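Participant: Based on what follows, work out the 3D shape:
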Amino acid sequence: MQFANIGSLEQHGFARNRLWSIDPNPPPISPRSSTSNTGGMSSKAVVDLLLKPNDDDLRIWPHIFEFRLRVALGSGGDLTLILRVRNTDSKPFTFTVALHNYLPVSDISEVRIEGLETMDYLDNLQNRERFTEQGDALTFDGEVDRIYLSTPTKIAIIDHEKKRTYVLKKEGLPDAVVWNPWEKKSKPILDLGDEDYKHMLCVEAAAVDYPITLKPGEEWKGRQELSAVSSSYFSGQLDPSRVLNG
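Facilitator: Residues are numbered from 1 along each chain as shown. Reported below is the predicted structural model:
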């Protein structure tokens, strides 16, 4: 229930380290869907996960909640995540959230992100000082660790070498975190080999800048859709109208 160290909990909170149960009879989540319970999309695989606090959780974060996560894999390979947090306590609570999307890329130096132009961001490498993105796209030649604020609902991550574009669509998650540790900081990370930073990029849908506050009985919902499409090129660049405005 917390992004990074912005709060009193351990890094990234505790929800990611807990055992979730599977709800075999989940309630409807999205009003878009009139024929199925998959959140408004035709899916070949859907699972609903449920997290409620245990005694250990309540000792470190004394709030009673119900956290539902719907994971739906579409027939075309699109991945949809629907998050639903309900305050079942007698007092309000506040939280932040982010979805850690670790994307495989051919070469980080050949990747660009479109959709974050002119956006303000907090730079975690400079004590979260606030800056404004100046380029026509975000490219990588060193470590990046930023929280982009009030971002568009659609972001494109373009892998030139593979001629592939990841399209990230989001609702209820206004911010976007972009991270690559680069060579020096990747070495102590046990999950990464020495050269693995070249082939990964983390782009997260998030709600960080304005934490979410729920009164007793209130519910918050966030949604993310992630898909991979073939990139169309003109003068070596993707036509952004096909991805960002399509």
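Participant: Quick check: next helix or strand after the longest strand anywhere in the chain?
Facilitator: The longest strand of the chain (DSSP state E) is strand 200-214. Where DSSP states H and E defines the elements, the next helix or strand beyond strand 200-214 is strand 219-230.
Participant: Parallel or antiparallel, which strands does that following strand pair with?
Facilitator: If you go by DSSP bridges, strand 219-230 pairs up with strand 79-87 (antiparallel), strand 164-171 (antiparallel).
Participant: and the angle for whatever helix or strand comes next after the longest one with strand 79-87?
Facilitator: Toward the C-terminus, strand 79-87 is succeeded by strand 93-99 as the next helix or strand (DSSP H and E). Orientation note: strand 93-99 sits at an angle of 170 degrees relative to strand 79-87 (axes from the mean of the first three to the mean of the last three Cα atoms, to 10 degrees).
Participant: Sort out which residues of strand 93-99 are buried, please.
Facilitator: The neighbour-count check on strand 93-99 (16 or more other Cβ atoms under 10 Å) flags 93, 95-99 as buried. Any C-beta I mention is one placed from the backbone N, CA and C, and that applies to glycine too.
Participant: who does that strand touch, helix- and strand-wise?
Facilitator: Contacts defined by 3 or more Cβ pairs under 8 Å, 6 or more residues apart in numbering; DSSP states H and E place strand 93-99 against strand 79-87, strand 200-214.
Participant: how about the helices in this structure?
Facilitator: Here the chain has its helices, by DSSP state H, at 55-60, 182-186, 240-243.
Participant: Ranking helices and strands of this protein by mean pLDDT, which lands last?
Facilitator: Across the helices and strands of the chain, mean pLDDT, DSSP states H and E gives its lowest value to strand 233-234, namely a mean of 37.
Participant: Tell me, what's the model's pLDDT at residue 36?
Facilitator: Here, the pLDDT recorded for residue 36 equals 42.
Participant: just for this protein, where's the confidence low?
Facilitator: 1-13, 29-44, 232-246 (pLDDT under 70).
Participant: make it 50
Facilitator: 2-4, 33-41, 233-238, 240 (pLDDT under 50).
Participant: Give the buried residues for the longest strand of the chain.
Facilitator: Buried residues in strand 200-214 (16+ other Cβ under 10 Å): 200-209, 211-212, 214.
Participant: Stretch 112-121 too?
Facilitator: For stretch 112-121, by 16+ other Cβ under 10 Å, it's 112-117, 119, 121.
Participant: which one among those gets closest to residue 48?
Facilitator: Using Cβ to Cβ, residue 115 is the member of those that sits closest to residue 48, with 29.6 Å.
Participant: ok, back up a step: residue 154: which of the helices of the chain is closest?
Facilitator: Using Cβ to Cβ, those put helix 240-243 closest to residue 154, at 7.6 Å.
Participant: Quick check: which of the helices and strands packed on strand 93-99 is nearest to residue 156?
Facilitator: strand 200-214 (9.9 Å).
Participant: Show me the strands paired with the closest one, marking each as parallel or antiparallel.
Facilitator: Going by DSSP bridges, the partners of strand 200-214 are strand 93-99 (antiparallel), strand 102-104 (antiparallel), strand 175-180 (antiparallel).
Participant: Restricting to C-alpha, output it in CSV.
Facilitator: Taking Å, rounded to 0.1, in the frame of the first residue of the first chain, the C-alpha atoms of strand 200-214 are listed here in CSV:
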residue,chain,number,x,y,z
MET,A,200,15.0,-4.3,-19.4
LEU,A,201,13.0,-1.2,-18.8
CYS,A,202,10.5,-0.5,-16.0
VAL,A,203,7.5,1.7,-16.9
GLU,A,204,4.9,1.8,-14.1
ALA,A,205,1.4,3.0,-14.0
ALA,A,206,1.1,4.7,-10.6
ALA,A,207,-0.7,7.0,-8.2
VAL,A,208,2.0,8.7,-6.2
ASP,A,209,1.9,12.5,-6.3
TYR,A,210,-1.6,12.7,-4.8
PRO,A,211,-2.1,9.8,-2.4
ILE,A,212,-5.5,8.1,-2.5
THR,A,213,-7.6,8.6,0.6
LEU,A,214,-10.6,6.4,1.3
